[in-house]
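1. structure, please.
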Amino acid sequence: MKQKKDKSDWLSVLLSFAAKSKWKMILSMFCSLISVMGGFLPYVCLYKIMQLFIFGSPTVLVFLFWCGIAMLGYFLYVVFFGLSTVLSHSAAYHILYDLRMAIADRLMKAPLGNVTGSAIGHLKNIMVEKVEGIERPLAHMIPELGANIVLALIVFIYLFVIDWRMGLASMVTLPFAAIPMIVSGKGFNEKYSAYMAANDHVNSVIVEYVSGIEVVKTFNQTTSSYEKFSEAIRAFQRFTLDWFQSSWKAMNLVMSILPTTFLGTLPVGLILYKFEIITPVELIVCLVLALSLLPVLMKATAFITEMKSMQYNVSGAKELLDMEILKDSLQEVFPASYDISFDNVTFSYTGQKEDVVLHNLNFKIPENSFTALVGPSGGGKSTIAKLIARFWDTTNGAIYIGDTNIKNIPLKQLSNFVSFVTQDNFLFNCSLKENIRLGNPNASDEEIYAAAKAACCDDFITKLPNGYDTSAGEAGKSLSGGEKQRISIARAILKNAPIIILDEATAFTDPQNEEQIQKSIAALTKGKTLLVIAHRLSTIQNANQIIVLENGKILDSGTHNDLLKNCALYCTMWEAHIGAKHWAVSQKGGC
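-> Presented below is the predicted three-dimensional model:
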């Protein structure tokens, strides 16, 4: 029962995405039927011509007439088959487009941890290979499989019209071909799933190997890493050979039996002819029609594997389409202020009590103020920042912007409220100008240049070969971590959100540019609610409020001077930071 449910599930997903293209698919089927009828006309014409030559007195005009009908039929077959194919491919690629967009939209709405917790190779395999794998069976099913099935039915019917015994004789090989097909079908799903799982694994390993090749080479782990890669390739090879060996034997047997239609039609036809039950013309036409069934039956058989492939690929896409998503409000809200309040917030990435990261946090970040989060690594600072941006939902408790629970703010609107700059500065493979424009897609070039200057990007960008039009992929080789961070800050400046979150946003800034970056951040955050996560305490000593976190709990809070007097952990961190700065200065002086 479960298997039937799975089948209906994947088919319902496919049909739901095919709904927008249903008229193209219907028209493709209509063209396919015309193509089939056209392809059958030459056989009818052959029958008529043979009747004329054997039983009548054919004239040139009548002969040419039937030849013209045959040519017309072939023309209709070619033209309408082409139209059907074009329409079915157009419908298929529209379905693939909608499917990929739906998956991308689902990933955007899913909790960030559910997305980042999946291997990039696995996601890439689904969005690229599996979705693309749906196209071939989908695009060819209507013009080829549908047409071939209809043509086979017409041929069988026509054979039965000529003589029912010849119709039965043409089907004599079908039960014999069905036997190896049924036998091979046992365990087919398990073997195919194992084969595709091995394919998924090797794809993930390849992506991992290429993505981490710099680290592999740096730590001289080439041999061990290559062993992992080669083992994945060998495993896939084994599964592939096992899969082909188990399927090829049966399929080769099927392909050997199906074409032997003459085993039934030839002896039966000769017997019927000998007893003058059918005419010589009917015998020849029956034999020709039986031969015409060969490509039809073989194509239909080949589609069995392709249909299974499509089922597997759609099921893979459904895995992402069914991802849990954050509940979204549809009604736009207008918070009374841009204060941020944590009300008894507890959070666990897994939802398990033993994995709690934040414990009953209660604090407030006033509007238009500068608040900093500090503490040892793993204390939950970045988690707090991501909860405000609603990359995850709290396990217990609530977060408010003004008087509004952020769960009641539409995700798109919340994104407009919060500008997030992290220490991981990802640049898309487009121009630096377009990378900055991500902060505001409607920004003019002049606004982009102004944001870049405010973030201290203009000097190094203008020195690049193509300036702001330099591709980030090309520039990435020559940009330092601090320069990439400043581009991220430029995005945030351009976005102009009322709430700014800087998660170690100046981590890679060199001492020479630190003063400039601090000025640009001051310009960015003027009149805004600012939350900064920093290990470099010198960058947040002027904060209105500093919250000290340890093991997911608030240890203390206050101003820089208050914490130096009252918080031993903060005092220790400050002394370590000052000591590190003095060491860096002395090292520089020694050079």
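
2. mind checking how far residue 11 is from residue 17?
-> Residue 11 is 11 Å from residue 17, where distance means C-beta to C-beta, to the nearest Å. Quick note: C-beta positions are derived from backbone N, CA and C, even for glycine.

3. out of those two, which sits in the busier spot?
-> Ranked by neighbour count (other C-beta atoms under 10 Å), residue 11 and residue 17 place residue 17 first, with 20 against 13.

4. and residue 342, which of the three is it?
-> Of the three states, residue 342 takes strand according to DSSP: H, G, I helix; E, B strand; the rest coil.

5. so it sits against residue 399, correct?
-> Yes: taking C-beta atoms under 8 Å as the definition, residue 342 is a contact partner of residue 399 at 5.8 Å.

6. and residue 169, what does it touch?
-> Counting by C-beta atoms under 8 Å, 6 or more residues apart in numbering, residue 169 touches 264-265, 267-269.

7. repeat that for 10 Å
-> Shown in contact with residue 169 (C-beta atoms under 10 Å, 6 or more residues apart in numbering): 159, 163, 261-269, 271-272, 286, 290.

8. which among those residues count as buried?
-> Buried by 16 or more other C-beta atoms under 10 Å: 159, 163, 261, 264-266, 268-269, 272, 286, 290, out of the contacts of residue 169.

9. any idea how far residue 99 is from the most centrally placed residue in the chain?
-> Central residue of the chain (C-alpha atoms, centre = their mean): residue 127, 2.3 Å from the mean position. As judged by C-beta to C-beta, residue 127 and residue 99 stand 9 Å apart.

10. picking that back up, confirm the residue nearest to the centre of the chain sits in a strand?
-> No: going by three-state DSSP, the assignment for residue 127 is helix, not a strand.

11. longest helix in this protein, please.
-> When the chain is parsed with DSSP state H, its longest helix is helix 60-109.

12. how far off centre is that one?
-> Chain-centre distance of helix 60-109: 27 Å, with C-alpha atoms, centre = their mean, to the nearest Å.

13. stretch 390-401 now?
-> Relative to the mean C-alpha coordinate of its chain, stretch 390-401 is positioned 28 Å out (C-alpha atoms, centre = their mean).

14. what distance separates the start and the end of that stretch?
-> 12 Å (C-alpha to C-alpha, to the nearest Å).

15. returning to that earlier point: could you point out which element follows the longest helix of the chain?
-> Of the helices and strands lying after helix 60-109 in sequence (DSSP states H and E), the nearest is helix 112-116.

16. where do the strands sit along the stretch 301-450 of the chain?
-> In the stretch 301-450 of the chain, strands defined by DSSP state E, counting those that start in this stretch lie at 340-348, 356-365, 370-374, 396-401, 404-405, 418-421, listed in chain order.

17. and if you look at the stretch 451-591 of the chain?
-> 499-503, 529-533, 545-550, 553-558.

18. and the longest helix of the chain, what does it pack onto?
-> Helix 60-109 is packed against helix 2-18, helix 22-55, helix 112-116, helix 131-140, helix 147-162, helix 280-321, helix 411-417, with contacts defined by 3 or more C-beta pairs under 10 Å, 6 or more residues apart in numbering; DSSP states H and E.

19. for those helices, which one sits closest to residue 386?
-> helix 112-116 (6.6 Å; C-beta to C-beta).

20. how near is residue 65 to residue 72?
-> 11 Å.

21. which neighbours do those two share?
-> Common neighbours of residue 65 and residue 72, counting by C-beta under 10 Å, 6+ apart, are residue 45.

22. the longest helix of the chain - what's its average pLDDT?
-> For helix 60-109, mean pLDDT is 88.

23. thinking again about what came up before, what is the nearest of the buried ones among the contacts of residue 169 to residue 60?
-> The nearest member of these to residue 60, counting by C-beta to C-beta, is residue 286 at 27.9 Å.

24. any common contacting residues for residue 342 and residue 399?
-> Residues touching both residue 342 and residue 399 (C-beta under 10 Å, 6+ apart): 361, 384, 387-388.
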